[in-house]
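# What follows is a protein structure lacking sequence information:
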């Protein structure tokens, strides 16, 4: 029970919208409502589930892969964020007063965020570090318990985003639409900066 509680707490804290994917989930909430933002965030959380599962099993080859290809990974991830950020800045946020307010994405946001999340195996190192610090050790007797632990991390992230996206969606009624256009563009610029920074990290090797 304590382990599951730890998982919920870890899930809540690692899913705070301070990274580029978190900001993208906020942007989607502002543009298309809480459901789109929520499922975007769950996509990211599901990619975290993959890496946390690998980390808890101590898959060392991922660590080796990341260390050997860190520059390429940074470059490719940076390009993805750069494209997404430019798309946000260049697109127009539709007013909720206009019929058909929410734009329909060609690819469901869940899958977009899931695959972008998978493109950043640094998440594996984050979970590996957390699990090492709290003394997670898996053997045949505790395997099921730790599978539930990993699932509880996903549950914690989902709960946090369910609350966050609903709060943001409801707060839209209290502010002028122009304020959200400004926030939307700021998020796009920040995502672009994340992308540029990652690309610079990727090319500094050369």
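Looks like it came in fine. Worth saying up front: this structure is predicted, and the values here are computed from it rather than measured. Numbers count the residues shown, from 1 in each chain.
# Does residue 20 touch residue 194 like I think?
Yes: using CB atoms under 8 Å, residue 20 is in contact with residue 194, at 4.3 Å. C-beta coordinates here come from the backbone N, C-alpha and C atoms, glycine included.
# Of those two, which one has the most company?
residue 20 (26 against 22; other CB atoms under 10 Å).
# Quick check: which element contains the closest residue to residue 27 other than its chain neighbours?
Nearest residue to residue 27, sequence neighbours excluded (CB to CB, 6 or more residues apart in numbering): residue 187, at 4.5 Å. According to DSSP states H and E, residue 187 maps onto helix 177-203.
# from the chain's centre, how far out does that helix sit?
In terms of CA atoms, centre = their mean, to the nearest Å, the centre of helix 177-203 is set 15 Å apart from its chain centre.
# go on, stretch 14-21?
Counting by CA atoms, centre = their mean, stretch 14-21 comes out at 6 Å from the chain centroid.
# and it, which residues are buried?
14, 15, 17, 19, 20, 21 (16 or more other CB atoms under 10 Å).
# so who does the last one touch?
Contact analysis of residue 21 by CB atoms under 8 Å, 6 or more residues apart in numbering lists 41, 44, 113, 116, 117.
# separation between it and residue 27?
Distance, residue 21 to residue 27, using CB to CB, to the nearest Å: 10 Å.
# and if you look at the first one?
The gap separating residue 14 from residue 27 is 20 Å, by CB to CB.
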